[in-house]
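Participant: Below are the sequence and a predicted model; questions follow.
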Amino acid sequence: MDRSAPRSWSPAELDGVLGGWTAGCGPLYRSLAAALRSAVRTGDLAPGDRLPAERTLAAALGVSRATVAAAYDELRGAGAVDSRRGSGTRVARLPGGALRPADGRVRGGTSAALVQRLVDGPAEVISLSVAAEGAAPEVREALTALLADGLDPLLAQTGYHPGGLPELRAALAERHTAAGLPTRPGQILVTTGATQALELVARLYVRRGSAVVVETPSWPGCLDALLAAGARPRRVPLDEDGVEPGGFRAALPAAALAHVTPTFHNPTGILMSAGRRERIAELAARAGVPLVEDLAYDTRLWDGPEPGPVAAHAPAGAEVLSVGSLAKSVWGGLRIGWLRGPGPVVERLARLKARADLGSPLLDQALAVRLLPRVDALRAGRAVVLRDRLAGLEASLSRELPGWTWQRPAGGGALWIRLPGGARAAVFAQVALRHGVELIPGSATDPSGAHDAYVRLPFTLPEPRLAELVTRLSTAWAAYGGTPSAE
């Protein structure tokens, strides 16, 4: 960060620096003062920086103005800030010594808070930042089998396969072909998770200031991969069938790339129909815009036909890249993702992959080869468990939070819930954190503000934990209803 000149912090920017400050014990004003003091100590807040006014910061954090005033008073008493009429409250100096370098916490982007939670590790908070659970039992079985009879041939290799282990590329190509999309192994690039696949695509296609067509809402991690490459998002709303075609067509001219999540969209859970997939592919091809489809959210909850990938509905010559992963169906700790696309494009992406890490770990890839034939059965078994958890969560929500509304998703692992009464989800998330729940508010998925009344609520937790979650949310909702910001 360029600290050559003081800056004025908005409430939203400062909230990103403070992180999960409300999860601590003790009076709120002291927790807020401690978080601000830590930000000064690490250099995130520098001498001369102007802090938000008490009233606006209180509204953004979901606390009373008195809480912010008391925190500022404590910092003034310690000499960390000073206040002057007409110039507001500014960082003064670090008590007890010189500034230290920033502590490396994740800053910026739309997914900063949820990524930081992963970095910080478990806490006495029910975190809803990730809709995932532990490994399927089949992972242990496949690992045992690999150690018994498959390790020696693997260890005899040099260990460098930038494009991916040949056996895994071949198995993934066969899987795509069986899904109606004829694919050669050379059209597959194995990546370290779906996130890396999106980052590589962004590096290939996006330059600083490039227009990129995205859905709104969209998962923060996807947005951040594009924003980090310098993209200027052109946001297109969703309807009940996925990204809206008229808005999609209008956003395409001169765009460098388009991104969609057609299968169990995150966070809404929408499953795009075959007809809509064909229409979106045609529009992108006609405009000459490369299209990347994210297929990582692949757990179907209910029986019924599932459309093939968008790439299978695309006209000849269309440039469509399909991203997949084993994280949701097998285990998030098995960092195996992949990308399927035209051969020449995959070759260019493989060169970027080689420059990034010389290739994903071969042991993980060898394990994936053994697990891939079992993925469909794993998904079906997981769907049974998730349906039961979803039913229990919906019953608890209807009983304890009857004003909350949602559409039952076709798949995935989360509910997209609308809060009633003009509630601001970002402010409620601050209140919920004080009651032991970390929520992802709609503002993280749509910076335009159009989904500020929504929260994402995963149902991947065990049933007793889901019951505790609803109890905490109910208590937090009652507290939020009594704050001035909710009136």
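Facilitator: Nice, thanks for sending it over.
Participant: Now do the strands in the stretch 201-350 of the chain.
Facilitator: Assignment of strands within the stretch 201-350 of the chain using DSSP state E, counting those that start in this stretch yields the ranges 211-216, 232-239, 242-243, 257-260, 291-294, 320-325, 337-340.
Participant: give the contact list for L36.
Facilitator: Shown here is L36, whose contacts under the criterion C-beta atoms under 8 Å, 6 or more residues apart in numbering are L18, L45, L51, A71, L75, A80, V81. For glycine as for every other residue, the C-beta is placed from the backbone atoms N, C-alpha and C.
Participant: Please point out which parts of stretch 396-412 sit buried.
Facilitator: S396, L397, L401, W404, W406, P409, A410, G411, G412 (16 or more other C-beta atoms under 10 Å).
Participant: re earlier: for V385, which of the strands of the stretch 201-350 of the chain is the nearest?
Facilitator: Closest of the strands of the stretch 201-350 of the chain to V385 is strand 320-325, at 19.3 Å (criterion: C-beta to C-beta).
Participant: Quick check: can you name the pairing partners of that closest one and their directions?
Facilitator: strand 291-294 (parallel), strand 337-340 (antiparallel) (DSSP bridges).
Participant: hang on, the earlier thing: can you lay out the contacts of L36 as JSON lines showing distance to A296, neighbour count and pLDDT?
Facilitator: Listed next are the contacts of L36 as JSON lines, based on distance: C-beta to C-beta, whole Å; neighbours: other C-beta atoms under 10 Å; pLDDT from 0 to 100:
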{"residue": "L18", "distance to A296": "30", "neighbour count": "22", "pLDDT": "83"}
{"residue": "L45", "distance to A296": "36", "neighbour count": "28", "pLDDT": "90"}
{"residue": "L51", "distance to A296": "39", "neighbour count": "22", "pLDDT": "93"}
{"residue": "A71", "distance to A296": "41", "neighbour count": "29", "pLDDT": "90"}
{"residue": "L75", "distance to A296": "43", "neighbour count": "24", "pLDDT": "91"}
{"residue": "A80", "distance to A296": "44", "neighbour count": "22", "pLDDT": "89"}
{"residue": "V81", "distance to A296": "44", "neighbour count": "27", "pLDDT": "89"}
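Participant: Pick out whichever of those residues sits closest to A256.
Facilitator: L18 (34.4 Å).
Participant: What is the neighbour count of the closest residue to the closest one other than its chain neighbours?
Facilitator: Leaving aside its chain neighbours, L18 sits nearest to A35 (4.5 Å; criterion: C-beta to C-beta, 6 or more residues apart in numbering). Residues lying near A35 (other C-beta atoms under 10 Å) number 19.
Participant: One more: A251?
Facilitator: 23.
Participant: again, but for P464
Facilitator: 9.
Participant: buried stuff in stretch 412-419?
Facilitator: Those would be G412, G413, A414, L415, W416, I417, R418, L419, for stretch 412-419 by 16+ other C-beta under 10 Å.
Participant: could you say which helix or strand contains the fifth one?
Facilitator: Using DSSP states H and E, W416 sits within strand 414-418.
Participant: distance of G392 from G269?
Facilitator: 17 Å (C-beta to C-beta, to the nearest Å).
Participant: about what we covered before: rebuild the buried residues of stretch 412-419 as CSV, extending it with distance to V260 and pLDDT.
Facilitator: Formatted as CSV, the buried residues of stretch 412-419 follow (distance: C-beta to C-beta, whole Å; pLDDT from 0 to 100):
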residue, distance to V260, pLDDT
G412, 15, 93
G413, 19, 94
A414, 18, 96
L415, 21, 97
W416, 17, 97
I417, 23, 97
R418, 23, 97
L419, 26, 96
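Participant: tell me which of the residues you listed is nearest to A254?
Facilitator: Distances from A254 to the buried residues of stretch 412-419, taken by C-beta to C-beta, are shortest for W416, at 31.4 Å.
Participant: Quick check: most distant residue from the centroid of the chain.
Facilitator: Residue farthest from the centre of the chain, counting by C-alpha atoms, centre = their mean, is R85 at 41.5 Å.
Participant: In this structure, where is pLDDT below threshold?
Facilitator: 1-4, 24-25, 93-123, 482-487 (pLDDT under 70).
Participant: just to revisit the earlier point, distance to R41 and mean neighbour count for the strands of the stretch 201-350 of the chain - can I get that in a markdown table?
Facilitator: Shown next, in a markdown table, are those (distance: least, C-beta to C-beta, whole Å; neighbours: other C-beta atoms under 10 Å):
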| stretch | distance to R41 | mean neighbour count |
| --- | --- | --- |
| strand 211-216 | 37 | 24 |
| strand 232-239 | 34 | 17 |
| strand 242-243 | 45 | 26 |
| strand 257-260 | 39 | 26 |
| strand 291-294 | 39 | 25 |
| strand 320-325 | 38 | 26 |
| strand 337-340 | 38 | 26 |
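Participant: want to throw those strands into JSON lines with distance to S273?
Facilitator: What follows is the strands of the stretch 201-350 of the chain, written out as JSON lines (distance: least, C-beta to C-beta, whole Å):
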{"stretch": "strand 211-216", "distance to S273": "15"}
{"stretch": "strand 232-239", "distance to S273": "11"}
{"stretch": "strand 242-243", "distance to S273": "7"}
{"stretch": "strand 257-260", "distance to S273": "13"}
{"stretch": "strand 291-294", "distance to S273": "14"}
{"stretch": "strand 320-325", "distance to S273": "17"}
{"stretch": "strand 337-340", "distance to S273": "21"}
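Participant: what about the longest helix along the chain, distance to the chain center?
Facilitator: Counting residues, the longest helix found in the chain (DSSP state H) is helix 375-400. Helix 375-400 has its C-alpha centroid displaced from the chain centroid by 21 Å (C-alpha atoms, centre = their mean, to the nearest Å).
Participant: Which positions in it come out as buried?
Facilitator: Counting neighbours by 16+ other C-beta under 10 Å, the buried set in helix 375-400 is V375, L378, R379, R382, A383, L386, R389, L390, G392, L393, S396, L397.
Participant: do stretch 173-182 as well
Facilitator: Here stretch 173-182 shows A173, R175, H176, A179, L181 as buried, counting by 16+ other C-beta under 10 Å.
Participant: can you tell me which residues contact A425?
Facilitator: L419, L439, P441, G442, S443, H451, D452, A453, Y454, V455.
Participant: Quick one, which of the residues you listed are buried?
Facilitator: L419, L439, P441, G442, S443, H451, D452, A453, Y454, V455.
Participant: Among the buried residues of stretch 396-412, which one lies nearest to R207?
Facilitator: G412 (32.2 Å).
Participant: how much space between that closest one and T67?
Facilitator: In terms of C-beta to C-beta, G412 sits 37 Å off from T67.
Participant: out of the buried ones among the contacts of A425, which are inside helices?
Facilitator: G442, S443.
Participant: got TSV for the buried ones among the contacts of A425, with distance to V330 too?
Facilitator: Converted to TSV, the buried ones among the contacts of A425 look like this (distance: C-beta to C-beta, whole Å):
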residue	distance to V330
L419	33
L439	27
P441	29
G442	29
S443	31
H451	30
D452	35
A453	34
Y454	29
V455	27
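Participant: quick one: V63 and L28 touch, right?
Facilitator: Yes. If you go by C-beta atoms under 8 Å, V63 and L28 touch, sitting 5.8 Å apart.
Participant: More neighbours: which of those two?
Facilitator: Higher neighbour count among V63 and L28: V63, with 25 against 19, using other C-beta under 10 Å.
Participant: mind checking how far that one is from Q430?
Facilitator: Taking C-beta to C-beta, one finds V63 at 7 Å from Q430.
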